[in-house]
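> requesting a structural model of the entry that follows:
(one chain, ligands or ions: 1)
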Amino acid sequence: MTVSRGFVSDNASGVHPRVLAALTAANEGHVPSYGADPFTAALRERARDVFGADATIFPVFNGTGANVVAVQAILQRWDAVVATVESHMVNDESTAPQLVGGTRIVTVPSEAGKATPELLAPAFDAYDGTVHHARPAAITVAQSTELGTTYTLGELAALTGFARGRGARVHLDGARLSNAAARLGTGLGELTAGVDVLSFGGTKNGLLLGDAVVVLDPALAEGVDRLRKASAQLASKLRFVSAQLLALLEDDLWRENAARANAAADLLAERLAALGVAPRYPVEANAVFVPVPPDVLARVVAEAPVLAWDAGTVRAVASFDTTEEDVDALVATLARLVRP
Ligand SMILES: Cc1ncc(COP(=O)(O)O)c(C=O)c1O
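Residues are numbered from 1 along each chain as shown. As a prediction, this is how the structure comes out:
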């Protein structure tokens, strides 16, 4: 089979060799199931080092599952969570939040994928406090966002401050938290200050499969433990998910992988700029949204390994193993088809 690397998604990539080695090492003998194993214990310790002493990590199968479990943990059954219209929870998780989580989502517009207190406020102001309406009780924001932008620490502080002021909880969809932290040069814990519960991505950053819910408010931990099982997200052979996450968090592999993906996205943006093509949104993580004339979009998607995003845009996402040659090959195809 020909080896190729494209830009359709960062989950089209393979597994980082250190993660594969960790899986092989975890494949020795028998250990207790459902998380009572030494790999999960070591991961719990490491997660406290990385996310803070109050953190508890719960490995899950995927990002949708992490979001579904995490958001249930911060809502009562009569509550709603407020999300941007671009959020993955709204657009790309089918009815999982409703079907599995029983979650009502209220949407607000964004600025390049980002929520702001001003954009969130109307969703809270509209609530009249009666039993007839769902109570907005939490916000969920993605870091980095679905449009490849990244909240600064100041922007995040404004959001968590706003939520506190409204008596609301905060969920961070960190499917690409590592890319945001690598971009900002922060630790993962620093980026989650003021957050109650986090979905932490592994699959898009070099794992075979596996994401996690990280609970930062200890009062929520028991609920998440039970909700993970009740939401069908508890693996019996959990050691294999935990061993991968442990490899990612050890020796900052998360940062190394994310920084490489980010650098490839930067290179792509740079090469496009030389062609006179400006991305639709600031390139602040590992995704580049490239404007494409609607009449050539079908050809672009047929000939280049990118995702059709909307009628006039394709999305190119770099991975931990994207090379300069991969970027050059994509740019050559785009130059042929979309050069202004
Ligand atoms: C912002 C965001 N959240 C969550 C996910 C997790 O999705 P999945 O359930 O496919 O792992 C993704 C994947 O595309 C994503 O982009």
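
> how far away is A80 from T152?
27 Å (Cβ to Cβ, to the nearest Å). To be clear about C-beta, it is placed using only N, CA and C from the backbone, and glycine gets the same treatment.

> so those two - more neighbours on which side?
Comparing A80 with T152 by other Cβ atoms under 10 Å, the one with more neighbours is A80, at 18 against 14.

> and the helix or strand containing that one, C-alpha only, in PDB?
Using DSSP states H and E, A80 sits within strand 79-84. The C-alpha trace of strand 79-84 is given here as PDB (Å, rounded to 0.1, in the frame of the first residue of the first chain):
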ATOM      1  CA  ASP A  79     -30.300  22.700  32.700                       C
ATOM      2  CA  ALA A  80     -28.800  23.700  29.400                       C
ATOM      3  CA  VAL A  81     -25.200  24.300  28.300                       C
ATOM      4  CA  VAL A  82     -24.300  27.300  26.200                       C
ATOM      5  CA  ALA A  83     -22.000  26.600  23.200                       C
ATOM      6  CA  THR A  84     -20.900  28.500  20.000                       C
END
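
> what about that strand, near the ligand?
No. If you take Cβ under 6 Å from any ligand atom as the test, strand 79-84 misses the ligand, and the best it gets is 10.6 Å.

> and that strand, which strands flank it?
In the sheet, strand 79-84 lines up against strand 104-108 (parallel), strand 135-142 (parallel) (DSSP bridges).

> thought P291 was touching G312?
Yes. Assessed by Cβ atoms under 8 Å, P291 is found in contact with G312 at 6.0 Å.

> hmm, back to that, save the strands paired with strand 79-84 as a markdown table, and put in mean neighbour count and distance to the ligand too.
Shown next, in a markdown table, are the strands paired with strand 79-84 (neighbours: other Cβ atoms under 10 Å; distance: least, Cβ to the nearest ligand atom, whole Å):
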| stretch | mean neighbour count | distance to the ligand |
| --- | --- | --- |
| strand 104-108 | 18 | 14 |
| strand 135-142 | 25 | 4 |
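
> any chance of those strands in TSV, plus mean pLDDT?
Shown next, in TSV, are the strands paired with strand 79-84 (pLDDT from 0 to 100):
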stretch	mean pLDDT
strand 104-108	98
strand 135-142	98
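
> let's verify the spatially closest residue to A66 that is not a sequence neighbour: helix, strand, or coil?
The shortest distance from A66 to any non-neighbouring residue, by Cβ to Cβ, 6 or more residues apart in numbering, is to S199 (3.6 Å). Of the three states, S199 takes strand under DSSP: H, G, I helix; E, B strand; the rest coil.

> before we move on, the earlier item: tabulate the strands paired with strand 79-84 (a markdown table), appending distance to H16.
Output for the strands paired with strand 79-84, formatted as a markdown table (distance: least, Cβ to Cβ, whole Å):
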| stretch | distance to H16 |
| --- | --- |
| strand 104-108 | 33 |
| strand 135-142 | 23 |
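
> backbone dihedrals for A316, both of them.
Backbone dihedrals for A316, given as degrees, to the nearest 10, come out at phi -120, psi 120.

> same check, this time on the one 3 residues further on
S319 has phi and psi values of phi -120, psi 180 when expressed as degrees, to the nearest 10.

> what are the ranges of the strands in the stretch 151-300 of the chain?
169-174, 197-200, 211-215, 287-291 (DSSP state E, counting those that start in this stretch).

> partners of the first one in the sheet?
Okay, so that is strand 169-174. Sheet pairing for strand 169-174, using DSSP bridges, gives strand 135-142 (parallel), strand 197-200 (parallel).

> where in this protein is pLDDT low?
The chain contains residues with pLDDT under 70 at 1-2, 339-340.
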